[in-house]
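J.: Build the 3D model from these lines:
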Amino acid sequence: MTVTELRPEGGGTYTEGLAAAEKASAEAEAMRIKNESDRRRTKLADEKAAAKAQADIESSLADAADERRRRDEARREAAARKAKAEKSAEQWCRAAKTIAIVCVIVSLPLQIMAFWDPTAWFLVAAPFVLEGVAWALLKGAEAAVDDGRPSWHYRLGALAQAAIAAWINFDHGSAAFGTATGLGALCSLIGPAIWDLHENGRIAKREGRKTWSQRWTERREARAEQVKTKKLIAARIEQDETVWERAVYLAAALGELTPSDRTYRRAWDEIHGTDPGQTAEIIAARRAARRAVRIASNGPLKDENTQLDSQMDPDDERPSKAPKKSGEDGRKNNGGTPPRRVPGEVKYSAAARTEMSNEGRRRAASKTDA
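T.: Now for the predicted structure:
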């Protein structure tokens, strides 16, 4: 920049040009600093936004990984429970079959000896019929369970047939070999009964029956709920019998055996005009108590009128609010008995006296027109 360039266009001294140049240089430097500051601020904001986005991504990934781990753990636990249940069911089935086979080994020979007769050798088939019919009926019950059909008649017939076979073995075994052998003949009934219990478990699982403990817990909870309901009804009757009678009337009209909470609230509103537990007396007492506390703490309330309306003469348009009985408060919602005042005791302002004069003239004019 030359000296000529430093001179102002409209003329001027060298000093003025130098000052203008220094001012322009300072403004340029300030702009550069500002731009640099804005750039750093923008860069810092971008870095913070990127860091926050990265943190959000990492948090989402961690949450997703935790959810996958929870799902995998839940699947493993479910698979373990299922495998354990299947193993238990298989062991129970194997044990039931084993007991049934052992019972057949014990009971069938006794049946054969009971029916054996060299002159009537064909009766040797009767034990197989007696023992086989029970197992055939149990197989029919198994098929009915698998097919989703009723199986109770198969099971009942099998147990009846097993009982007949057990009675025959007991009668013959006790007479031929003693009471102990006769009692052992009950295997004819024990085997089919054990297998029937196995089928009963399959039926309960298919039909989704609840366990005995579940049914007992539900009955206990139902009894507790009934006791609670009875206590609630007794408390409501004792609290307000009129409201309860109205609630029962509404419940019958609405098709309810016992008044619901909604019906009781409606009955209370119809009788007292407010929410349950509240009455006009309770509300008035609460308001009076709050008013007394506020007056004791801060003096009269702002919205209370401390002037006596009994000072003003009543007319047709403005009924008197003076007390109807001696000693009662003629003011509204002030909660106390005011002192008796006499005309002239209260000092009114000039504006108030003017307004009172105008009011008196208006009243006189209205009475004249009437």
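J.: Distance of Leu44 relative to Arg246?
T.: 70 Å (CB to CB, to the nearest Å). No exception for glycine: its C-beta is placed from N, CA and C like everyone else's.
J.: In terms of neighbours, single out the busier of these two.
T.: Arg246 (20 against 10; other CB atoms under 10 Å).
J.: I'd like the average pLDDT over the helix or strand hosting Ile33.
T.: Following DSSP states H and E, the helix or strand that holds Ile33 is helix 14-115. The average pLDDT within helix 14-115 is 82.
J.: same thing with stretch 293-302?
T.: 71.
J.: cool, stretch 130-150 as well?
T.: Regarding stretch 130-150, the rounded mean pLDDT is 78.
J.: Point out where the stretch 201-350 of the chain drops to low pLDDT.
T.: By pLDDT under 70, the low-scoring segments of the stretch 201-350 of the chain are 202, 205-211, 299-346.
J.: how about the strands in it?
T.: Remark: no strands are assigned in the stretch 201-350 of the chain by DSSP state E, counting those that start in this stretch.
J.: Can you show me the helices along it?
T.: With DSSP state H, counting those that start in this stretch as the criterion, the stretch 201-350 of the chain has helices at 212-239, 241-254, 261-272, 280-298, 350-369.
J.: Tabulate the ones you listed (a markdown table), appending distance to Ala136.
T.: Converted to a markdown table, the helices of the stretch 201-350 of the chain look like this (distance: least, CB to CB, whole Å):
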| stretch | distance to Ala136 |
| --- | --- |
| helix 212-239 | 31 |
| helix 241-254 | 58 |
| helix 261-272 | 59 |
| helix 280-298 | 78 |
| helix 350-369 | 113 |
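J.: so which of those comes closest to Ile194?
T.: helix 212-239 (19.1 Å; CB to CB).
J.: Apart from its chain neighbours, what residue comes closest to Leu254?
T.: Thr263 (6.3 Å; CB to CB, 6 or more residues apart in numbering).
J.: Can you give me the distance of the one you found to Leu232?
T.: Thr263 is 13 Å from Leu232, by CB to CB.
J.: before we move on, back to that, neighbours of the residue nearest to Leu254, how many?
T.: 20.
J.: any idea how far it is from Val243?
T.: Thr263 is 11 Å from Val243, by CB to CB.
J.: Then Trp152?
T.: Trp152 is 52 Å from Val243, by CB to CB.
J.: out of these two, which sits in the busier spot?
T.: Between Trp152 and Val243, Val243 has the larger neighbour count (other CB under 10 Å), namely 21 against 11.
J.: my read: the more buried one touches Arg265, true?
T.: No: with contact defined as CB atoms under 8 Å, Val243 does not reach Arg265; the gap is 9.9 Å.
J.: Only the buried residues of stretch 231-248, if you could.
T.: Of all the residues in stretch 231-248, those buried under the rule 16 or more other CB atoms under 10 Å are 233, 236, 240, 243-244, 246-248.
J.: List the buried residues in the host helix or strand of Ala136.
T.: Element membership of Ala136, judged by DSSP H and E, is helix 125-147. If you call a residue buried by 16+ other CB under 10 Å, then helix 125-147 has these buried ones: 126-127, 130-131, 133-135, 137-138, 140-142, 144-145.
J.: what angle do it and helix 14-115 make?
T.: Per axes from the mean of the first three to the mean of the last three CA atoms, to 10 degrees, the angle that helix 125-147 makes with helix 14-115 is 160 degrees.
J.: Next SSE downstream of helix 125-147?
T.: Next along from helix 125-147, by DSSP H and E: helix 152-177.
J.: Fine, thanks again, bye for now.
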